[in-house]
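# Structure, please.
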Amino acid sequence: MRQPAKPLVWLHGEVKTPPFSQSAKIDAGFLLRRLQSGESLSLPHSRPMPDIGPRCHELRINDKSVAWRIIYRIDADLILILEVFEKKTQKTPKRIIDICRQRAKRFDTDCK
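As a prediction, this is how the structure comes out:
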């Protein structure tokens, strides 16, 4: 029997929807749907982000001349979207890592 899809939890008021092109929206939606169904993604679509925390990953969306990243965490019952940003350098900015850590911690505290 097929498991129900895990819901995507976007942190309302904190994570902003980026100006993806139509093609990038389709790519992001397809990859997020695969995550929701329990599939584990790896490079080139996703990579682990242990600096943020356990079960945290970076979804990679290429959009024309822009490289978008969606930072997410896989929980037992949901996929938590921590941040969406335009990646301009090879390394994820420390500010983004710190924001994602804070958001994950606040989510966990609020859900207890």
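# how about the strands of the protein, start to end?
Along the chain, the segments classed as strands by DSSP state E run 8-10, 46-48, 56-63, 66-74, 79-87.
# Dump those to JSON lines, plus mean pLDDT, distance to R103 and mean neighbour count.
C-betas here are computed from N, CA, C, even on glycine. Shown next, in JSON lines, are the strands of the chain (pLDDT from 0 to 100; distance: least, CB to CB, whole Å; neighbours: other CB atoms under 10 Å):
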{"stretch": "strand 8-10", "mean pLDDT": "90", "distance to R103": "11", "mean neighbour count": "16"}
{"stretch": "strand 46-48", "mean pLDDT": "97", "distance to R103": "18", "mean neighbour count": "15"}
{"stretch": "strand 56-63", "mean pLDDT": "94", "distance to R103": "11", "mean neighbour count": "20"}
{"stretch": "strand 66-74", "mean pLDDT": "94", "distance to R103": "9", "mean neighbour count": "20"}
{"stretch": "strand 79-87", "mean pLDDT": "93", "distance to R103": "5", "mean neighbour count": "20"}
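# do you know which of the ones you listed lies nearest L32?
strand 8-10 (6.1 Å; CB to CB).
# Give the other helices and strands that the closest one contacts.
strand 79-87 (3 or more CB pairs under 8 Å, 6 or more residues apart in numbering; DSSP states H and E).
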